[in-house]
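Asker: no sequence on this one, just coordinates:
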């Protein structure tokens with residue numbers, strides 16, 4: 001009888017221990033599930049925070065790029081304005097230079113009035129052409145071009161009229177070489193200066209007169225300034 005009671009009590013204890021173990025296991029699983037849920041929620045929040053931070057970083061980077069692009073556009077606009085202003089200035093200077101050249105060309109056309117003075121040697125253009133056999137002389141440029149190889153004679157006269165400040169001087173130029181000078185200086189009244197030379201020219205050589213820098217010549221309808229040349233013989 002004692003053995004039976006003890007066995008029953010042991011079974012009861014085993015049953016109670018099994019129930020307690022099941023309850024503990026259930027509670028443990030609940031805790032694990034709760035912890036997993038918290039971890040999942042934390043991961044979701046962390047991902048959301050990371051996306052937010054990434055979005056902020058991208059926005060800041062984009063703003064930096066936009067600011068950089070704006071700065072580049074401002075610099076390009078400033079550079080373009082500088083280039084446009086420089087181009088305008090160059091165009092103004094070219095227009096002024098062109099006007100000066102036009103005025104100079106007008107003054108160079110002998111037969112009207114005083115020509116010069118100019119700051120540099122300036123070609124003289126003789127518009128009044130008496131004889132131009134073979135058209136070797138160009139009345140638009142004032143240049144004589146040798147049509148054949150040979151010996152040529154050239155003569156030229158300059159008119160001076162009472163300008164004590166400036167002499168009257170014209171130099172004969174062969175291609176780029178200064179050959180000879182006609183010179184006259186008058187403090188008052190009228191005077192002339194002349195010169196002549198014989199040159200050996202090759203086909204295509206050019207000969208013309210230049211008004212010497214800071215000098216002037218006087219001319220009118222009487223054509224005091226002349227330039228003439230002719231072929232002596234071929235060679």
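Answerer: Looks like it arrived, so ask away. Quick caveat, the model's predicted, so the values are computed rather than measured. Numbering: from 1, shown residues only.

Asker: Strands of the protein, start to end?
Answerer: Using DSSP state E, the strands of the chain run over 122-123, 137-138, 143-145, 150-161, 168-174, 177-184, 190-201, 206-211, 226-234.

Asker: Mean neighbour count added to those, as a markdown table?
Answerer: (Glycine included, C-beta is placed from N, CA and C.) Below are those laid out as a markdown table (neighbours: other C-beta atoms under 10 Å):
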| stretch | mean neighbour count |
| --- | --- |
| strand 122-123 | 18 |
| strand 137-138 | 18 |
| strand 143-145 | 18 |
| strand 150-161 | 20 |
| strand 168-174 | 23 |
| strand 177-184 | 16 |
| strand 190-201 | 16 |
| strand 206-211 | 22 |
| strand 226-234 | 14 |
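
Asker: CSV please, covering those strands and showing distance to residue 86 and mean pLDDT.
Answerer: CSV is the format used below for those (distance: least, C-beta to C-beta, whole Å; pLDDT from 0 to 100):
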stretch, distance to residue 86, mean pLDDT
strand 122-123, 29, 92
strand 137-138, 37, 95
strand 143-145, 36, 97
strand 150-161, 43, 93
strand 168-174, 36, 95
strand 177-184, 37, 94
strand 190-201, 45, 93
strand 206-211, 34, 96
strand 226-234, 42, 95
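
Asker: Could you dump these into JSON lines with distance to residue 33 added?
Answerer: Below are those laid out as JSON lines (distance: least, C-beta to C-beta, whole Å):
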{"stretch": "strand 122-123", "distance to residue 33": "107"}
{"stretch": "strand 137-138", "distance to residue 33": "110"}
{"stretch": "strand 143-145", "distance to residue 33": "109"}
{"stretch": "strand 150-161", "distance to residue 33": "120"}
{"stretch": "strand 168-174", "distance to residue 33": "111"}
{"stretch": "strand 177-184", "distance to residue 33": "111"}
{"stretch": "strand 190-201", "distance to residue 33": "116"}
{"stretch": "strand 206-211", "distance to residue 33": "109"}
{"stretch": "strand 226-234", "distance to residue 33": "118"}
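
Asker: which one of these lies closest to residue 114?
Answerer: Closest to residue 114 of the strands of the chain is strand 150-161 (C-beta to C-beta; 7.6 Å).

Asker: Residue 183 is in contact with residue 157, isn't it?
Answerer: No - between residue 183 and residue 157 no contact is recorded; they are 11.3 Å apart, counting by C-beta atoms under 8 Å.

Asker: quick one: common contacting residues for these two?
Answerer: Taking C-beta atoms under 8 Å, 6 or more residues apart in numbering as the contact rule, residue 183 and residue 157 both touch residue 193.
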